[in-house]
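**Student:** mind folding the following:
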Amino acid sequence: MISFTDYALAVYPFLELEWFHRTYYRVLEAFAEGRVRRLMISMPPQHGKSVGATTLLPAYLLGLDPDLRIAIASYSASLASKFNRRVQRILCSAEYGELFPDTTIKRGSKPPEYIRTADEVEIVGHEGSLLSVGREGSLTGNRVDCFLLDDLYKDAMEANSPLVRENCWEWYTSVVRTRMHNDSRELLVFTRWHEEDLIGMLRQREPVVELRAWEDLARVSADGWLALNFEALKTTPPSAIDPRAAGEALWPARHDAALLHAKRALDPLRFECMYQGRPSVREGLLYGDQFAEYDALPREIVRRANYTDTADTGDDYLCSM
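**Tutor:** Next up is the predicted model:
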């Protein structure tokens, strides 16, 4: 069987793969092979998450199993359709045909009994299909073997809306989960916006294994999730999954440390959400957004003071500064 990375380079020879893309693709390959059934990945914007998860991966899955029924979901039906069309172009390419000759789709009007639209395509001679749907769209009557959910929130405004988050959660529990069966798989790939987004809600309710070593691939329970977070600026200790030293940028050729620090200075909390995968809410923040960072304390200290937050509401921790 061809590896996911080799397949990706065969159908997209223009890809620029950094070390973290190869790590990402290795994890996606484990998902494609069924070694991981439930996978959540958070990654900064413009780092290639959708190219891997919702463009290259669906075609690879259908190549391995032409009878697989896949659904792609995103925050809008038009974006999900765009992913579907990109996958169809891969399925029609000569490079793909050499790798997976048994996986073909309708071309023109033939064969007439098969479906091929911007939102749905069927694999000729097999039970497999690819369906795209926007958040809160209907999947009535469709059994789904594999869900790929890519950015279910359009932007910070949507993610910060309690109503949008609640609607997204209701759609996930009443539509996505009801289309699944015992062997179904699901992949969530997000830029994080809010601590109570879909990934955050699932983390509160279901077991999650953090991917820090390759051995962790085998530690996930049948009802649990494997989670991988790529920080834009490294803060956690080096590991087999992410060997960077503290302070190193994830993709310095495109987004170097200086650029990332400038983005952090503009909006520290939003940076933690989008680029570090550590979302938090703004409501009730005692000190607001205007934090200052010091390599050393200022020399001219004219006054020493302390503030203690007594955590009187009972839902946070005592803090004394």
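**Student:** and residue 231, how far is that from residue 275?
**Tutor:** Here the criterion is C-beta to C-beta, to the nearest Å. By it, residue 231 lies 7 Å from residue 275. Yep, even glycine has a C-beta here, placed from its N, CA and C like the rest.
**Student:** the two: which has the busier surroundings?
**Tutor:** Just comparing residue 231 and residue 275: by other C-beta atoms under 10 Å the higher neighbour count belongs to residue 275, 24 against 21.
**Student:** if we can go back for a sec, overlap in contacts of residue 231 and residue 275?
**Tutor:** Common contacts of residue 231 and residue 275 (C-beta atoms under 8 Å, 6 or more residues apart in numbering): residue 44.
**Student:** measure the nearest residue to residue 253 once chain neighbours are set aside to residue 224 for me?
**Tutor:** Excluding the flanking residues, the one nearest residue 253 by C-beta to C-beta, 6 or more residues apart in numbering is residue 18, at 7.5 Å. Separation of residue 18 from residue 224 (C-beta to C-beta): 29 Å.
**Student:** check residue 9 too.
**Tutor:** 32 Å.
**Student:** tell me the contacts of the nearest residue in space to residue 207 that is not next to it in sequence?
**Tutor:** Spatial nearest neighbour of residue 207, excluding adjacent residues (C-beta to C-beta, 6+ apart): residue 224 at 3.9 Å. Contacts for residue 224 were tallied using C-beta under 8 Å, 6+ apart; they are 38, 206-209.
**Student:** mind exporting the C-alpha coordinates of stretch 139-147 to CSV?
**Tutor:** What follows is stretch 139-147, C-alpha atoms only, in CSV (Å, rounded to 0.1, in the frame of the first residue of the first chain):
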residue,chain,number,x,y,z
LEU,A,139,-28.0,14.2,6.0
THR,A,140,-31.4,12.4,6.2
GLY,A,141,-31.3,8.9,4.7
ASN,A,142,-27.5,8.8,4.4
ARG,A,143,-25.4,6.3,6.2
VAL,A,144,-21.9,7.7,6.8
ASP,A,145,-18.8,5.6,7.3
CYS,A,146,-16.4,8.5,7.7
PHE,A,147,-17.0,12.1,8.7
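**Student:** how about it: buried residues?
**Tutor:** 139, 144-147 (16 or more other C-beta atoms under 10 Å).
**Student:** ok, so of those residues, who is nearest residue 3?
**Tutor:** For residue 3, the closest of the buried residues of stretch 139-147 turns out to be residue 146, at 18.9 Å, with distances computed as C-beta to C-beta.
**Student:** circling back to that earlier point, just name the closest of the contacts of residue 224 to residue 302, please.
**Tutor:** For the contacts of residue 224, the nearest to residue 302 is residue 208 (47.0 Å; C-beta to C-beta).
**Student:** quick one: residue 73 is in a strand?
**Tutor:** Yes: using DSSP: H, G, I helix; E, B strand; the rest coil, the assignment for residue 73 is a strand.
**Student:** surely it and residue 142 touch.
**Tutor:** No: Residue 73 is beyond contact range of residue 142, at 11.9 Å (criterion: C-beta atoms under 8 Å).
**Student:** count of neighbours near the residue nearest to residue 253?
**Tutor:** For residue 18, the count of nearby residues is 15 (other C-beta under 10 Å).
**Student:** quick check: which element contains the nearest residue to residue 57 once chain neighbours are set aside?
**Tutor:** Nearest residue to residue 57, sequence neighbours excluded (C-beta to C-beta, 6+ apart): residue 28, at 5.5 Å. If you go by DSSP states H and E, residue 28 is part of helix 19-32.
**Student:** which helix or strand lies directly C-terminal to that helix?
**Tutor:** strand 38-42.
**Student:** assign a three-state SS to residue 241, would you?
**Tutor:** coil.
**Student:** which residues touch it?
**Tutor:** Contacts for residue 241 (C-beta under 8 Å, 6+ apart) come out as 23, 211-214, 228.
**Student:** those into TSV, with extra columns for neighbour count, pLDDT and secondary structure?
**Tutor:** Shown next, in TSV, are these (neighbours: other C-beta atoms under 10 Å; pLDDT from 0 to 100; DSSP: H, G, I helix; E, B strand; the rest coil):
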residue	neighbour count	pLDDT	secondary structure
23	18	97	helix
211	26	96	coil
212	14	93	coil
213	11	94	coil
214	14	96	helix
228	20	96	strand
